[in-house]
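Student: build me a structure from this.
(chains A and B)
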Number of protein chains: 2
Amino acid sequence: MSELTIWTYDWVPEAVWGFVRDLRLRWACEEAGLSYDVRTVPFDGRESNHLARQPFGQIPFLDDGEVKLFESGAGLLHLARKSETLMPLDPAGAAETLQWTLAALNSIEMVSVPWWFLTVTGAADNQLTGWMGKRLDQLEQVLSEREWLAAGRFTVADLLMADVLRVEKVRAFGDRPASEAYILRATDRPAFRKAQADQAALFKAADMKRRAI
Amino acid sequence: MSELTIWTYDWVPEAVWGFVRDLRLRWACEEAGLSYDVRTVPFDGRESNHLARQPFGQIPFLDDGEVKLFESGAGLLHLARKSETLMPLDPAGAAETLQWTLAALNSIEMVSVPWWFLTVTGAADNQLTGWMGKRLDQLEQVLSEREWLAAGRFTVADLLMADVLRVEKVRAFGDRPASEAYILRATDRPAFRKAQADQAALFKAADMKRRAI
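Tutor: Model (predicted):
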């Protein structure tokens, strides 16, 4: 048994296979060569059945021996401290990686997730569209001048930013060639492909089992 | 001159005095007893005049000698590594603090800021109201059972969560006594009061100068 356990749901609808956030932690472990187990909590009743581990009823959460934590961003920063592959050791490189990891969560995803939510529940052109376009344009400018966000090489910040940007509706929002090339670069990495395939395999097996009942 | 420099705008409208995000970094430095300078970039032209330091045109950003970083959450986590006052040194306590810091940014603020934005540009009851209420209720449940979020004592996670929750419209959204008591506990700390008074003093002086021109 590995020290690291990534927790996810035991089933999700097919539409989100490959996009559930345990993928972020799987991807990080694959990049860093860290061995890990994957365990599940029930999707049905998710809003109340694991509140002791995740008070918002979501996944993923992570066990690292006695250390337990939720929030995919927190899990990523915790894993990043274990491997220079994910985050440089030098103070300037570490700070730059930290800054872009937080930017993915609080400058981009803070707009893209609510915007996505409004498109699902209402119109594609909604009150967050202007803000969304502005943020993605600003990021496009950055990505037009560099291959990876921090420290001149792939880090956990790219893993997270690419995962935020590759959401289908977000990716289809306007034409931003540097951002698109960045998503392709990141998702072409063997560690991403392995993580995505493993996630899909788990949910596909669960789905077949569920349909057979 | 201090090693630490917190950058903010040289002026902001009076309505946001005491709520500009450099306050998060000031508060953290005050809690930890870290000396710091405050410097400014122009508010006018902010969307293009300091993109080299903050690609989204925002503040704050932080200098720590040769290390430079933006994103208030990244600045807080960087400062937290300097002082046990902000984040415990033991792995479990550090992980719990990290998790709640990220939860403030990506589980609460990811809803509360867009919800706030929709209330400013449209109706108070909008498409994010249901999600907003659910998240605040889940957090209320947590705060009804503990005084501080992580490690049994005040940490940087509380500094950030309280700053997210004390935004006037967010604070007035429903009646949640545990959350309200938590905001009062956090904002009654001398370090918060000092940070808030110092920010207000800077912006008030800038405003008087601006009006005198």
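
Student: show me what the helix or strand containing residue A:95 is packed up against.
Tutor: Counting by DSSP states H and E, the element that carries residue A:95 is helix A:91-103. Secondary-structure packing of helix A:91-103 (3 or more Cβ pairs under 8 Å, 6 or more residues apart in numbering or on different chains; DSSP states H and E): helix A:72-80, helix A:156-165, strand B:67-70, helix B:72-80. Just so you know, the C-beta spots here come from the backbone N, C-alpha and C atoms, and that holds for glycine as well.

Student: would you mind writing the CA trace of the shortest one as CSV?
Tutor: The one in question is strand B:67-70. Coordinates of each C-alpha in strand B:67-70 appear next as CSV, following Å, rounded to 0.1, in the frame of the first residue of the first chain:
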residue,chain,number,x,y,z
VAL,B,67,11.9,37.2,-4.6
LYS,B,68,9.0,38.9,-6.2
LEU,B,69,5.4,37.6,-6.4
PHE,B,70,1.8,38.5,-7.1
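
Student: work out the sheet partners of it and label each with its direction, please.
Tutor: Strand B:67-70 has the following strand partners under DSSP bridges: strand B:61-64 (antiparallel).

Student: name the SS class of residue A:7, please.
Tutor: With DSSP: H, G, I helix; E, B strand; the rest coil as the basis, residue A:7 sits in strand.

Student: regarding chain A, what is its longest helix?
Tutor: Secondary structure of chain A per DSSP state H: the longest helix is helix A:190-212.

Student: elements contacting that one?
Tutor: helix A:22-32, strand A:36-41, helix A:177-187.

Student: among these, which comes closest to chain B?
Tutor: Closest to chain B of the helices and strands packed on helix A:190-212 is helix A:22-32 (Cβ to the nearest Cβ; 11.6 Å).

Student: let me see the mean pLDDT of the closest one.
Tutor: Per-region confidence: helix A:22-32 scores 98 on mean pLDDT.

Student: for the closest residue to residue A:203 other than its chain neighbours, give its distance to chain B.
Tutor: Spatial nearest neighbour of residue A:203, chain neighbours left out: residue A:17 (4.8 Å); criterion: Cβ to Cβ, 6 or more residues apart in numbering or on different chains. Using Cβ to the nearest Cβ, to the nearest Å, residue A:17 is found at 22 Å from chain B.

Student: how is chain A partitioned into domains?
Tutor: A:4-85+A:191-200, A:91-189 (automatic domain parsing).

Student: and the contacts of stretch A:11-29?
Tutor: For stretch A:11-29, contacts defined as Cβ atoms under 8 Å, 6 or more residues apart in numbering or on different chains pick out A:4, A:6-9, A:34-36, A:38, A:43-44, A:58-60, A:62, A:72, A:75-76, A:79-80, A:86, A:156, A:159-160, A:163, A:167, A:191-192, A:194-196, A:198-200, A:203-204, A:206-207, A:210.

Student: check contacts around residue A:91.
Tutor: The contact partners of residue A:91, by Cβ under 8 Å, 6+ apart, come to B:66-67.

Student: where in chain A is pLDDT low?
Tutor: Chain A contains residues with pLDDT under 70 at A:1.

Student: which stretch among the helices and strands packed on helix A:91-103 comes nearest residue B:30?
Tutor: Residue B:30 sits nearest to helix B:72-80 of all the helices and strands packed on helix A:91-103, at 10.8 Å, using Cβ to Cβ.

Student: point out the most buried one among the helices and strands packed on helix A:190-212.
Tutor: helix A:22-32 (a mean of 24; mean count of other Cβ atoms under 10 Å in any protein chain shown).

Student: and the angle from it to helix A:177-187?
Tutor: 70 degrees (axes from the mean of the first three to the mean of the last three Cα atoms, to 10 degrees).

Student: okay, helix A:22-32 in PDB with CA atoms only?
Tutor: Presented in PDB, the C-alpha positions along helix A:22-32 are these (Å, rounded to 0.1, in the frame of the first residue of the first chain):
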ATOM      1  CA  ASP A  22      -8.700  13.900  -8.800                       C
ATOM      2  CA  LEU A  23      -7.000  14.000 -12.200                       C
ATOM      3  CA  ARG A  24      -4.900  17.000 -10.900                       C
ATOM      4  CA  LEU A  25      -3.500  14.900  -8.100                       C
ATOM      5  CA  ARG A  26      -3.000  11.800 -10.300                       C
ATOM      6  CA  TRP A  27      -1.200  13.900 -12.900                       C
ATOM      7  CA  ALA A  28       1.100  15.500 -10.200                       C
ATOM      8  CA  CYS A  29       2.000  12.000  -8.800                       C
ATOM      9  CA  GLU A  30       2.700  10.700 -12.300                       C
ATOM     10  CA  GLU A  31       5.000  13.700 -13.100                       C
ATOM     11  CA  ALA A  32       6.900  13.300  -9.900                       C
END
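
Student: angle of it against helix A:72-80?
Tutor: If you take the same axes, to 10 degrees, helix A:22-32 sits at 10 degrees to helix A:72-80.

Student: report the angle between the axes of helix A:22-32 and strand A:36-41?
Tutor: Going by the same axes, to 10 degrees, helix A:22-32 makes 170 degrees with strand A:36-41.

Student: can you give me how far helix A:22-32 is from the chain middle?
Tutor: Offset of helix A:22-32 from its chain centre (Cα atoms, centre = their mean, to the nearest Å): 9 Å.

Student: identify the bridge partners of residue A:62.
Tutor: With DSSP bridges applied, residue A:62 shows beta-bridge pairing to residue A:6, residue A:69.

Student: how about the contacts made by it?
Tutor: Here residue A:62 is in contact with A:4-7, A:25, A:68-70, A:75, A:78-79 (Cβ under 8 Å, 6+ apart).

Student: give me the distance between the residue most central in space within chain A and residue A:199.
Tutor: Centroid-nearest residue in chain A: residue A:24, 4.0 Å away (criterion: Cα atoms, centre = their mean). In this view, residue A:24 and residue A:199 are 10 Å apart by Cβ to Cβ, to the nearest Å.
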